[in-house]
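1. I would like to see how this sequence folds:
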Amino acid sequence: MMSPVKLTKKQARQFILLKQGLLGDYKFIGEKGVCKYIKQAGCIQFDPIDVCGKNAELVLQSRVEGFSKEMLDKLLYSDRKLMDYFDKNMSILSLDDWKYFSRQRATHCENGRSKDKVNAVSEEIKSIIKERGFASSKDINLKEQVDWTWSPTTLSRAALETMYFRGELIIYHKKGTIKHYALSTDHIADEILNASDPNFTEEEHLQWRVLRRIGAVGILWNKPSDAWLGINGLKAANRKSIFHKLVEEGRIVEIVIEGIPDSLYCLSEDINLIDIVLSNPVFPRRTEFIAPLDNMLWDRKLVKKIFDFEYKWEIYTPTAERKYGYYVLPVLCGDSFIGRIEIVNDRKLKQLIVKNFWFENSVTNHFQFNEEIYSCIKRFSNFNNCESIKLEYKKDKVTL
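-> Okay, here's the model as predicted:
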């Protein structure tokens, strides 16, 4: 068991950002970089809302040099190196991780709303998909209303989603928000589809999930957090036991951060990054717009402690109660969050509209960042396939 590592807050920020590929030169490049980052992170959270890019796309554009939206679509639905599945809520993860979710698939086979009605039509649906190649709920004419997660839905939708959760179907592709499903056996190699779960016990599985989430964020503590969402069976008591065991086995390392009384932890394999940070290097400054559900932001209280940055995604906040805006992205510059930006992609006009920009109160000399922010806006415009940029922001007469 390794002795606790002591870091200043600045060193902790640098470690997290190095791990995330958000500090200094890009370490994730092109399609290989997308797969490498997702493998490291375990998963990136998917959200269908697209104001200036979907959440998963925004996560990748800030880290992967040369990333395009078409690249992610290709890796998901042509190359099949990635897959859509539930991890931390709906997520994108490596197809290589299929074997680790056999428990989740088995649970959906044994349980689930309207199970008997779904079972009664599943073979019929498989036959339709086998004939067509793929199908959406609109292609399956089963309009009976059945009990479902949020509210009653059609048997078509309930059956397709249940069979997807069970692993019988995969998402073949998406058109807008409509999912088209195909048979897993037609698109996933047998050695992946039928691979045994590497975790023999529930305890081993939960340990794997905890390690996965620590690696996704970089540093985590043993506290309630959105970082643990989607891990069924992970209660406070067994989470404490798992942390204790992982420390004893040397699989995670305790970190003590100056000014933070609680112990934090990183993966033991990341000690090399801590060594880099402790050598006090000078990192080239880089400016990036960060996704609202970015892995690094999964524990908002931790972000507040280490980065002194308080972020709330206000998309579900009533308009009158919003402090900033509907879809606002944090702005990272070097090892600090310097502000937040509200951007809209006007697809009809092929124009990127910068509606607003707010500097943090700690940033006194706004003009020193203008060139870097505008350079980032131009890259973001290209990422959204826009042909022009419109700056609506004129507050405090800051020219971007």
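
2. any idea how far residue 253 is from residue 355?
-> 43 Å (C-beta to C-beta, to the nearest Å). All C-beta atoms are positioned from the backbone trio N, CA, C, and that covers glycine.

3. what's the first helix or strand after the strand or helix carrying residue 240?
-> Per DSSP states H and E, residue 240 falls inside helix 236-248. Scanning forward in sequence from helix 236-248 by DSSP H and E, the next helix or strand is strand 252-257.

4. that next one packs against which elements?
-> Contact partners of strand 252-257 among helices and strands, from 3 or more C-beta pairs under 8 Å, 6 or more residues apart in numbering; DSSP states H and E: strand 5-7, helix 9-20, helix 236-248, strand 264-267.

5. can the ones you listed go into CSV with extra columns for distance to residue 151, mean pLDDT and mean neighbour count?
-> CSV is the format used below for the helices and strands packed on strand 252-257 (distance: least, C-beta to C-beta, whole Å; pLDDT from 0 to 100; neighbours: other C-beta atoms under 10 Å):
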stretch, distance to residue 151, mean pLDDT, mean neighbour count
strand 5-7, 47, 96, 19
helix 9-20, 37, 98, 23
helix 236-248, 31, 96, 14
strand 264-267, 40, 98, 23
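
6. the stretch 51-200 of the chain: helices as residue ranges?
-> 55-61, 69-77, 102-110, 115-132, 155-165, 184-187, 190-193 (DSSP state H, counting those that start in this stretch).

7. winner for burial among those?
-> Highest mean neighbour count among these (mean count of other C-beta atoms under 10 Å): helix 55-61, with a mean of 24.

8. so for residue 277, which of the helices and strands packed on strand 252-257 sits nearest?
-> Nearest to residue 277, of all these, is helix 9-20, at 4.8 Å by C-beta to C-beta.

9. just want the angle from that closest one to strand 252-257.
-> 140 degrees (axes from the mean of the first three to the mean of the last three C-alpha atoms, to 10 degrees).

10. who's in contact with helix 9-20?
-> For helix 9-20, the surrounding residues in contact (C-beta atoms under 8 Å, 6 or more residues apart in numbering) are 7, 23-24, 63, 217-219, 255, 257-260, 264, 266, 270, 273-274, 276-278, 283, 295-296, 306-308, 332, 335-336.

11. what's the first helix or strand after that helix?
-> Per DSSP H and E, the first helix or strand lying C-terminal to helix 9-20 is strand 28-29.

12. list the strands paired with that following strand, with their directions.
-> Strand 28-29 has the following strand partners under DSSP bridges: strand 64-65 (parallel).

13. what score does the nearest residue to residue 133 once chain neighbours are set aside have for pLDDT?
-> Distances taken as C-beta to C-beta, 6 or more residues apart in numbering place residue 182 nearest to residue 133, at 6.7 Å, with adjacent residues excluded. pLDDT, residue 182: 98.

14. distance of residue 182 from residue 3?
-> When distance is defined by C-beta to C-beta, residue 182 is 51 Å away from residue 3.

15. quick one, which of these two is more surrounded?
-> Shown here are residue 182 and residue 3; by other C-beta atoms under 10 Å, residue 182 has more neighbours (20 against 8).

16. ok, now which ones touch that one?
-> Residue 182 touches 129, 133-134, 169-172, counting by C-beta under 8 Å, 6+ apart.

17. and those, which two are the farthest apart?
-> 133 and 171 (13.5 Å).

18. helix or strand: which one has residue 214?
-> helix 202-217.

19. residues near residue 293, how many?
-> By other C-beta under 10 Å, 21 other residues sit near residue 293.

20. so what's residue 86 bridging to?
-> Beta-bridge partners for residue 86, by DSSP bridges, are residue 90.

21. run through the residues that contact it.
-> Counted by C-beta under 8 Å, 6+ apart, residue 86 has contacts 104, 165, 230.

22. that'll do, ta.
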